[in-house]
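Asker: pasting a predicted model and its sequence here:
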Protein chains: 2
Amino acid sequence: MKKFIPVLMETKLFDGVMAYDIEAMLSCLQATLCTYKKGEHIYRQGDNIHRIAVPVEGSIIIQNFDYWGNRSIINMIGTGEMFGEAYAAPDSGAMTNDVIAAEDCTVMFFDINRILTVCSSACRFHTTVVQNLVFALSEKNRKLMQKLGHMSKRTTREKLISYLSEQARKNGSGSFTIPFNRQQLADFLSVDRSAMSNELCRLRDDGMIEFDKNRFILKYK
Amino acid sequence: MKKFIPVLMETKLFDGVMAYDIEAMLSCLQATLCTYKKGEHIYRQGDNIHRIAVPVEGSIIIQNFDYWGNRSIINMIGTGEMFGEAYAAPDSGAMTNDVIAAEDCTVMFFDINRILTVCSSACRFHTTVVQNLVFALSEKNRKLMQKLGHMSKRTTREKLISYLSEQARKNGSGSFTIPFNRQQLADFLSVDRSAMSNELCRLRDDGMIEFDKNRFILKYK
DNA sequence: CCGTTTCTGTTGTAAAAACAACCGACTTGT
DNA sequence: ACAAGTCGGTTGTTTTTACAACAGAAACGG
């Protein structure tokens, strides 16, 4: 458990908390560790969850399948990011998605109630963590709205442009790699893979982008 | 200001706080009131905001226009709901959407920093409000994910079924009214109005739904 | 009361996406 | 080394959507 403290220090949840204090909080927050093989379920649709999951090695995918078997990737949670904070409220109801390991990974879990219930003086940074939780929640909120921005575009081409523009902004450069392969990107944007592949090539032919595997370059024109 | 305390008591933010204490907090949280005519801007794209907005009369719409003038309705915030909590973090950046009055309305604003910074003993329910904020944020998170669920459906028909099913669940009945007219619903689901109108009639002809204006009935079949 | 505006449904056409099927390049495991 | 699987691109067909234009009904305003 201790070996992951450097990872935790980089997380939004423990921002501003020293290693020594994180270690003290681990037991207070009832932290547990679990490893998963690629594709294994971490949570399933219908589960009632009360823990925040933080991948400390590898990354996880939030997805769901509709009645006809189409997969939608809601989000990808990388190392040091977190999932489950949306179920902080006691009456959150059951999960509507599946959470699976995108690759072999290790996930640390924290009890949400322990975070929200300020405990004894042992955890002097507890209020910091609560505030961090608020910030993390509001940031995820903005990200979801951003994703809604992509999804609300009418055509595959516009969705791609919207997504790639955001990635470029995020990376501060027109040259970047994305965390998805083609099928995953299609599932993330909720479009057909072949149609998307087609559109990517058309964007390239129009001189707007270049790409190789999951590395993209947006051109100035 | 005082006359809206009954409304505030019903909000998620002040859940569990007594009228007397809410009144005391109003000044502590630097609450301000502002009225808007239908269509007026409350916030504009690019604004840096640091206040939570709660409509105490009427409702507001979160929307944006793309380069070609297509409107997308991100969300509708009814009386007693809130907007702006996603910008709680100091480094949230500028708003990416417009916020306008859906109808003539009155909005109360609260300073986010005042909420997060626990003040003197005057506000004994301050920690309750912070916890309420966490719950509200996580609930909005789930709602956004739910909306992503609708948006990720491939066809207009599926989007409609997904949306209407959720409304039925929310109302605990297959008979309900929606807060949108046709154009707004189309903008909310990011589809073409006429195509959607078409699809609604097809659903009706298939015996799956009935509707009159914004009142819908889902049939059992 | 009447002209105007808004709202909703309808139709036809053009554009776009979904779907299915296939191919070649590359990876992986044995 | 080879069989099997994955991945990305391509093509053709069918389905669905966007768009534009119009019409009737209802709501609105003076």
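Answerer: Good, I have the coordinates.
Asker: can you give me the distance of the residue nearest in space to the middle of chain A to B:Glu23?
Answerer: Taking C-alpha atoms, centre = their mean as the criterion, A:Ile77 is the residue nearest the geometric centre of chain A, at 2.4 Å. Distance, A:Ile77 to B:Glu23, using C-beta to C-beta, to the nearest Å: 42 Å. For every residue, glycine as well, the C-beta is placed using N, CA and C.
Asker: can you tell if the helix or strand hosting A:Val107 touches chain B?
Answerer: Element membership of A:Val107, judged by DSSP states H and E, is strand A:105-111. No: between strand A:105-111 and chain B, judged by C-beta under 8 Å from any C-beta of the partner chain, nothing touches; the nearest distance is 14.0 Å.
Asker: counting by contacts, list what that strand packs against.
Answerer: strand A:32-36, strand A:51-57 (3 or more C-beta pairs under 8 Å, 6 or more residues apart in numbering or on different chains; DSSP states H and E).
Asker: coming back round to it: what residues does the residue nearest to the centre of chain A make contact with?
Answerer: A:Ala53, A:Pro55, A:Ser59, A:Ile60, A:Ile61, A:Ile62, A:Phe83 (C-beta atoms under 8 Å, 6 or more residues apart in numbering or on different chains).
Asker: hang on, isn't the fourth one packed against A:Glu40?
Answerer: Just to be clear, that refers to A:Ile60. No: using C-beta atoms under 8 Å, A:Ile60 is not in contact with A:Glu40; the gap is 9.8 Å.
Asker: helix, strand, or coil at A:Arg114?
Answerer: helix (DSSP: H, G, I helix; E, B strand; the rest coil).
Asker: how close does the residue nearest to the centre of chain A get to A:Val56?
Answerer: 12 Å.
Asker: which phi and psi does the closest residue to A:Lys147 other than its chain neighbours have?
Answerer: Spatial nearest neighbour of A:Lys147, excluding adjacent residues (C-beta to C-beta, 6 or more residues apart in numbering or on different chains): B:Leu148 at 6.5 Å. For B:Leu148, the backbone dihedrals (degrees, to the nearest 10) come out as phi -60, psi -30.
Asker: kindly report the same for A:Glu103.
Answerer: phi -160, psi 170.
Asker: can you check A:Ile77 too?
Answerer: For A:Ile77, the backbone dihedrals are phi -110, psi 110 (criterion: degrees, to the nearest 10).
Asker: what bridges to it?
Answerer: Residues in a beta bridge with A:Ile77, per DSSP bridges, are A:Ile60.
Asker: please report the distance of it from A:Val54.
Answerer: Distance from A:Ile77 to A:Val54, by C-beta to C-beta: 8 Å.
Asker: what touches both of the two?
Answerer: Common neighbours of A:Ile77 and A:Val54 are listed as A:Phe83 (criterion: C-beta under 8 Å, 6+ apart).
Asker: chain center to stretch A:195-204, what's the gap?
Answerer: 26 Å (C-alpha atoms, centre = their mean, to the nearest Å).
Asker: report the rounded mean pLDDT for that stretch.
Answerer: For stretch A:195-204, mean pLDDT rounds to 93.
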